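Peer 1: give me a model of this one.
(chains A, B, C and D)
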Amino acid sequence: MKRPVAVVGVGQTHHASRRSDVSIAGLVREAVDRALLDAGLEHKDIDAVIIGKAPDMLEGVAQPEQYLVGAVGAHMKPMLRVHTAGSVGASTAITAATHVASGLYNRVLTVAFEKQSEGNTMWALSPNLPFTAPLVAGAGGYFAPYCREYIARTKAPLHIGPLTMVYARENGARNEYAHLREPVTVEQVMETPMLWDPIRFGETCPASDGAAAMILACEELAKKGPRRPAWIKAAYTFAEAMWVPNRDQVSPKAGQICAGKVYEAAGITDPWKEIDTAELYVPFSWFQAMWLENLGFCAEGEGWKAIDRGDTRFGGRLPIDPSGGVLCTNPIGASGMLRLAEAALQVMGRAGSHQVEGAKTALGHAYGGGAQYFAMWVVSSEL
Amino acid sequence: MKCSAPPETPVKYVEAVVWLPYHYVAGDYRAVYLRALKDKKILGSRCDVTKKVFVPPVINSPESFAPCSELVQVSDQGRITTFCIVNIPVIGRNLELPYVAASVLLDGADIPIFALIQECRTEDVHMGMRVEAVWKPDGQRQGDHEDILYFRPSQSSSSGEWPRPI
Amino acid sequence: MRLGDMVIEPMTQRQVMEFPYKHSTGPIVGRFLAALKEQRQIWGQRVSGGAVIVPPQGYSEWDGSAGTEWVPVEDQGVVVAVAKVWQPVERLHPFPEPFAYVLVRLEGADTALLHVVKTDFDHVRIGSRVRAEWLPDGERRGSIWDIREFRLLPAA
Amino acid sequence: MPQLRNVAIVAFAQLPVVARDEHRTATEMLYLAVRQALEQCQARRDDIDYQIAGSTDYMDGRPFGFVTALESLGSWPPRQDLHLEMDGTFCAYYAWLRMQAGDCETALVVAHGKVSEGDPRRVTNLQMDPYYHAPLGIDAIASSALQASMYMARTGVGDHELARVAARNRAHGARNPDNQVRAVATAEELQSTPFVVEPLRQGYLAPVGETATCLILAVEGKAERMCDRPVWIHGVDHRSELQTLGARDLSRSAGARLASERALALAGLDRADQVDLAELAATNPAEEMVLCDALGLDPFASRPVLNPSGGPLCADPVMSTGLIRLGEAFRQLAGRAGERTVSGAEMALVHGQQGHCLQTNIVWICGTRRRWS
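Peer 2: Below you'll find the model as predicted:
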């Protein structure tokens, strides 16, 4: 990036299975208003708006950003709509960061949302299309075989998935915005029905309504306050094809490359030591172990051990998803932005009761498609 | 009628049935693949450069970016690369639960296909297991995905060299 | 064999994507619709700068600021745009026979409401004065269709 | 004005627009377009360091329709990538912006959509707010007709002027082999076609058609090596307006006006009519006149030449329509426009849009010379 970019305001909605108290615009505005308030700004201070969400079939409105232009204060401003499957919230924020980095914009609002309760998530994500065999039952049906492959490769014991959920829920309980905030035990998770063996019901993310927003600004404006900003040290999006012979879906190459580029640009050589906390996109519990390896925090086969040791637990050596993560809150389109926003809150020192003490450098991460789309940024308390 | 304000209690929902007719195109690659199933043949396309075989056939290899011009036949047997045991139904399919959904790498192919595994206990399924297609009986196949009913543990050995030219 | 050497009969399939959505309305849209149903009254909302927008969104689409007070407007006004649909599309447009979409600036409002003119289709034009024709009590469900259509008023 | 990085269009490829290609899926069509574009500038796939695609799920009739485009784009090894739910011209904008941010030097910009598989009128209805507009069944042709009625009432422009604008597009379009409609039609003929949504007649509307498109952008230093006559971006800006039809003056396009003012300022021009040609993504003649009004162009003047390609009235493949305008400017200024070449053309204005009634507009200024030295 040509010039420094900072997060100067963060806002999110309260997330729930049904936010039937608000319209689509009302939900989006709840996050946007909070981000503006957080940054001490008004709509007139914003130069452009970047909107993201997952498939339009979730709400049944085609290209809803066109309807939302007025709601997000984008009238007579540049507005773009991003869609990169599950990673979209993160790639949307990165798109906004490019705007500021280019020198052509000084303050950009970015917002991502999903209001899954308007329709039916399972149907919207995998409708029955012609010429293809309907075989995959939802995202879990797609990803469970790769969780199994991970377990087989690494000989990870079977309590790791449930344990990951236990930590996530502990964290969610501390996050006032999280959708699921009830603590659970390993035994309780183990007792939940097996949906897509090896993934149990208790190891899956919820379907949420929610939105997240951020204001990104150039150096000069970020330094004006009112808050201490989070500086974006590096941000990249990478994607890979599906039909590549011997493609590794347990540790996708796009994830490795994206992480490598982000670390390189941020001057990080040992992420385990130099990153204080990470918000990773973990829709099924086993993915935390998989991403720890894919993103270079742990050597191959070692990811689950970090979880087992408690290193990734709140208060551990490398707290993962201190917000509770996707396992506690999943408004699909917003989930990636929440990861990036939560990482920013950590280095701003403003994550409230889920603040990782002394966090100076954090990674925000999201993925989507058949583990094909990756978007990440590293934020720091220092310019 | 003059009122001082609109009613306090909102109308909670606007209901809308989205109704969109589509007229989908399979494309020649997929059409050839599906029609060949009627003859119990599974086709793939071979990359002009790397010679790797994609099943179902695709127009190009994303890896080499070269076209996959040549159609070849692959075996209806292969091995499970990975799988999961599913306990929730698939929309649009009537399957007895639980069932096994697996990635199966057919002999002669370089890309696995998704497949349903039956005729064995779910706990006996394992990675690397050899499986074979169970076809709809002759005369009932229509040239669509349902021509392969499912896969089952192999009961014969895969014969011949794969892939084969067609 | 190469695909390019073969003559392929196209394979196509018709399929309807159909799904019933329930869009939550929230407090502003929801109360506007409730007023149509219960009060036979059209409400606008004042926004920054003083304009009264109808129908209300809860915010000013011009600058994103929140709406302020509810303002009742008349159910009659002037047509500012007309589109006569001579070839209605089945299951998209509301009537099988020709009708018109109109933008109506209701008295007391600063923006125009989109609706239809059916009965007076032949005569409606820009500048026409029209009035809402309501569904009778008991038939209104809290929808923009609680107004059946707009009818021409005699010239003043 | 800021000093920006010189970025050029170095290749553009499209499949001829057809009503329906029954032999290829959207992404199979895309593969062919990407190959052609790469061959044009003699680039290997690995020479391109960014890729961005434009498409929309409801037009594709499936969620995540763009994911399979990763195959056609040759996304291996993994590529820096983005997808916008927008016309490809907005994707080109973001690629250009990334180059300004120093984050890439070459980019594949693609758009795809099998418009014939679905029904654009129903999809455009679904774009409207679901509480007040969409339930009334209004679609983009009907909303365009509302706009046309307001424009005609305000300006006194009549049916015959609309017919003349349509006829001019058709006359130009007959010389473009990539067009779906290539038959010349006179204003009188077009004016005698029936109303679909009055005041818009059948002869004033864009046909439903499909294609796939690929444009390649490169920064100064690379562009000259990839193309003997690169076409340089001098300025670009885009603006969105609110959606509610009754809250806008549809007879004017405030967003297009502002976008063009900003784009012209970046380009160092005072007025739009200083260019030699303009490619406008207007889907009917009234919309084209509203646009001309906003941009300061005369729809009946001989220069700048408007829509030498024939414009969307001769081919309107949704999602690619805007990108084709940019591609056409490239073909004109790079001397690749064949029979329809505008003689001596050095500067072009390019417009793209989406939404109802010119809700979102983008304006580009391109030229044969570098903008910044």
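
Peer 1: which bits of chain B sit near chain D?
Peer 2: Selection of chain B residues close to chain D by C-beta under 8 Å from any C-beta of the partner chain yields B:14, B:16, B:18-30, B:58-60, B:62-63, B:65. For every residue, glycine as well, the C-beta is placed using N, CA and C.

Peer 1: list buried residues within those.
Peer 2: For these, a burial check counting by 16 or more other C-beta atoms under 10 Å in any protein chain shown picks out B:14, B:16, B:18, B:20, B:22-30, B:58-60, B:62-63, B:65.

Peer 1: could you tell me which residues of the stretch 251-383 of chain A lie near chain D?
Peer 2: A:252, A:253, A:254, A:257, A:258, A:369, A:370, A:372, A:373, A:374.

Peer 1: which of the residues of chain B next to chain D fall within helices?
Peer 2: Among the residues of chain B next to chain D, DSSP state H puts B:28, B:29, B:30 in helices.

Peer 1: dump these into TSV; add distance to residue D:66 and pLDDT as well.
Peer 2: Putting these into TSV (distance: C-beta to C-beta, whole Å; pLDDT from 0 to 100) gives the following:
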residue	distance to residue D:66	pLDDT
B:28	22	97
B:29	19	97
B:30	18	97
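
Peer 1: of those, which is the nearest to chain C?
Peer 2: Nearest to chain C among those is residue B:28, at 4.3 Å by C-beta to the nearest C-beta.

Peer 1: may I see the buried residues of stretch A:151-160?
Peer 2: Result for stretch A:151-160 [16+ other C-beta under 10 Å]: buried residues A:151, A:154, A:156, A:159, A:160.

Peer 1: give me the subset of the residues of chain B next to chain D that also touch chain A.
Peer 2: With the criterion set as C-beta under 8 Å from any C-beta, the members of these near chain A are B:16, B:18, B:24, B:26, B:30, B:58, B:62, B:63.

Peer 1: hmm, back to that, among the residues of the stretch 251-383 of chain A next to chain D, which pair sits farthest apart?
Peer 2: A:257 and A:370 (16.7 Å; C-beta to C-beta).

Peer 1: burial of residue A:261, as a residue count?
Peer 2: Using other C-beta atoms under 10 Å in any protein chain shown, residue A:261 has 17 other residues around it.

Peer 1: now it: phi and psi?
Peer 2: phi -70, psi -40 (degrees, to the nearest 10).

Peer 1: skipping adjacent residues, who's closest to it in space?
Peer 2: Nearest non-adjacent residue to residue A:261, counting by C-beta to C-beta, 6 or more residues apart in numbering or on different chains: residue A:236, 4.8 Å away.

Peer 1: reduced to three states, what does the one you found come out as?
Peer 2: State at residue A:236, reduced to three classes by DSSP: H, G, I helix; E, B strand; the rest coil: strand.

Peer 1: if we can go back for a sec, pull out the buried residues from the residues of the stretch 251-383 of chain A next to chain D.
Peer 2: Using 16+ other C-beta under 10 Å as the burial test, these include A:252, A:253, A:254, A:257, A:258, A:369, A:370, A:372, A:373, A:374 as buried.

Peer 1: keeping just the C-alphas, turn stretch A:140-154 into PDB.
Peer 2: Output of stretch A:140-154 as PDB, limited to C-alpha atoms (Å, rounded to 0.1, in the frame of the first residue of the first chain):
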ATOM      1  CA  GLY A 140     -20.800 -28.900   6.700                       C
ATOM      2  CA  GLY A 141     -21.300 -31.600   4.100                       C
ATOM      3  CA  TYR A 142     -18.600 -30.000   1.900                       C
ATOM      4  CA  PHE A 143     -16.000 -29.300   4.600                       C
ATOM      5  CA  ALA A 144     -16.400 -32.400   6.900                       C
ATOM      6  CA  PRO A 145     -14.400 -34.700   4.700                       C
ATOM      7  CA  TYR A 146     -11.400 -32.300   5.000                       C
ATOM      8  CA  CYS A 147     -11.800 -32.200   8.800                       C
ATOM      9  CA  ARG A 148     -11.600 -35.900   8.600                       C
ATOM     10  CA  GLU A 149      -8.500 -35.800   6.400                       C
ATOM     11  CA  TYR A 150      -6.900 -33.400   8.900                       C
ATOM     12  CA  ILE A 151      -7.600 -35.700  11.800                       C
ATOM     13  CA  ALA A 152      -6.200 -38.700   9.800                       C
ATOM     14  CA  ARG A 153      -3.100 -36.800   8.800                       C
ATOM     15  CA  THR A 154      -2.200 -35.400  12.200                       C
END
